[in-house]
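Enquirer: Sequence plus predicted model, see below.
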Amino acid sequence: MARPILPFDRWHKSYPKPDRGDTPCKCGTKNRPLYPSADHGRGLRWQTRHVDHLGKERRESFDTWQEALDRLAELTSEAASMMRGNQAAHSARVAFFGAQMIDRKRKKEKRANTINTYESHLHNHILPFAGNRIPTSLRRSDSMAFVDHLLEKPNLRSPRTIVQIFKTWRILIHYMMDEDIPLPANIVSRIELPEISDGSGDALTPEQVAAAALAMRTIEPRYEVLVWLGACAGLRAGEALGLTRTRIGWQEDLLYVQEQRQRGKAVPLKTKASYATLPVDHFLIERLATHVAHLSEPEPVTQSVARKRRARRHVEPMDEDLIVTNRYGRPVQSSDFNEKWRRVVAWAGLPEGTRFHDLKVFYTTTLGGPGQHDPKTVQALSRHARFTETWDTYARPPRVAEGLRVTAFGDAFRSMQQSSS
């Protein structure tokens, strides 16, 4: 911010021209005449003028010269303080602001899974690229170079992942701008990103879902029911892992979706719309009952293993009433399940890159099929906050429209012809 000097007199000209007809007013004295301006007598007389840290001119008006002078003194003090703060901030590196951003989000108790994702993107991709850079040196070309850097990484083959990492980069840039780091306004604007396929026509078929369930039964039988929960209830992986016996309406064919599991711990659901009392097909209840009857308890151990456990004072896991646990009776870790899911995709011959989330797409697409449920019911069952998310992203109208016959137009025009004849 530019350093203010003295209050500006709105009522009188700074550079009068007596030789061109300017005449003094009664506000001045004989030795110091004042010449009226176009604003003479209108509004407050004294004005402060300064340029803020964004380079925009600001003006404030006051009744007396002393009030305006006091305000200028405040502005001068603020400018000096900001300059000292900027000098300290400008010497910090991008890595400093990245760590500060993560720390503040943790203090504000944001979603742990989201923070972990940001932290992973920072440490694995953003900081190796620009961690040692001084923030004020960043330009829009650096954002473009960052995308190219991600595209050249052999382990980043998914355009969706690259877009998500760039979103974290954009969040970090905006955080630094909020910390008064002067960065170009367009530093992350109009950056061309890889195209993400909307997946039209890629929804899984019932045969593929059944093949995935069979593959999981072969690889890890305890996890097979997770496939059915994703395909027949639209549960996300964390929601399926967090389902308990008491949250199943066995007689009413209901699921009470109230929490999810992340890294084995109970955490809130993704959105408010995710909380639901969800009616499900009795077919799924049968799959759940079979699982509970045969696969919900820890695997038995041999006598030698039991002796070793007693020797090291083994503590049995607390019974959390979970439907799905690992063979030791503990909550399933996402890393273990994800490894099994990748094997399922290969074993069942599913398209490369098929995610567990594609089972939720299958669920919504099946609900919205011909002769099934109306769109708003599909939205409610899919637990989406916005209708566009249901219909544009999940239901995929081209597939939903298969099997329909459109006759409305012929009926309309034939009835018109009949009435005219």
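Expert: Received, thanks.
Enquirer: Now do the strands in the stretch 51-200 of the chain.
Expert: 57-62 (DSSP state E, counting those that start in this stretch).
Enquirer: quick one, phi psi at R261?
Expert: Torsion angles at R261 (phi, psi; degrees, to the nearest 10) stand at phi -110, psi 130.
Enquirer: Please renumber the chain so that the first residue is 669 from this point on.
Expert: Fine by me, first position is 669 from now on; the one you just mentioned is R929.
Enquirer: Which strand residues bridge it?
Expert: A934 (DSSP bridges).
Enquirer: quick one: contacts for the nearest residue to R828 once chain neighbours are set aside?
Expert: Take R828 and drop its neighbours on the chain: the residue closest to it by CB to CB, 6 or more residues apart in numbering is I864, 5.2 Å away. Using the backbone N, CA and C atoms, a C-beta is placed for each residue, glycine as well. Counting by CB atoms under 8 Å, 6 or more residues apart in numbering, I864 makes contact with P827, R828, V831.
Enquirer: Distance of V856 relative to S809?
Expert: 12 Å (CB to CB, to the nearest Å).
Enquirer: Kindly report the same for K681.
Expert: 48 Å.
Enquirer: out of the two, which sits in the busier spot?
Expert: Higher neighbour count among K681 and S809: K681, with 14 against 10, using other CB atoms under 10 Å.
Enquirer: Identify the residues contacting the more buried one.
Expert: Shown in contact with K681 (CB under 8 Å, 6+ apart): D690, Y703, P704, S705.
Enquirer: Now do the strands in the stretch 919-1068 of the chain.
Expert: All strands of the stretch 919-1068 of the chain, identified by DSSP E, counting those that start in this stretch, fall at 922-925, 928-930, 933-935, 944-947.
Enquirer: To F1005, which of the ones you listed lies closest?
Expert: Across the strands of the stretch 919-1068 of the chain, F1005 has its closest neighbour in strand 928-930 (10.0 Å, CB to CB).
Enquirer: Specify the residue ranges that define each domain of this structure.
Expert: 676-759, 762-846, 874-1068 (automatic domain parsing).
Enquirer: Looking at those, which is nearest to A1076?
Expert: If we rank the domains of the chain by CB to CB, the stretch that ends up nearest is domain 874-1068, at 15.1 Å.
Enquirer: to the chain's geometric centre, what's the distance from the closest one?
Expert: 23 Å (CA atoms, centre = their mean, to the nearest Å).
Enquirer: What separation do you get for the residue most central in space within the chain and G932?
Expert: The chain has T782 as the residue nearest its centroid, 7.6 Å off, counting by CA atoms, centre = their mean. Note on T782: its distance to G932, by CB to CB, is 18 Å.
Enquirer: what does G766 give?
Expert: To G932, G766 is 27 Å away according to CB to CB.
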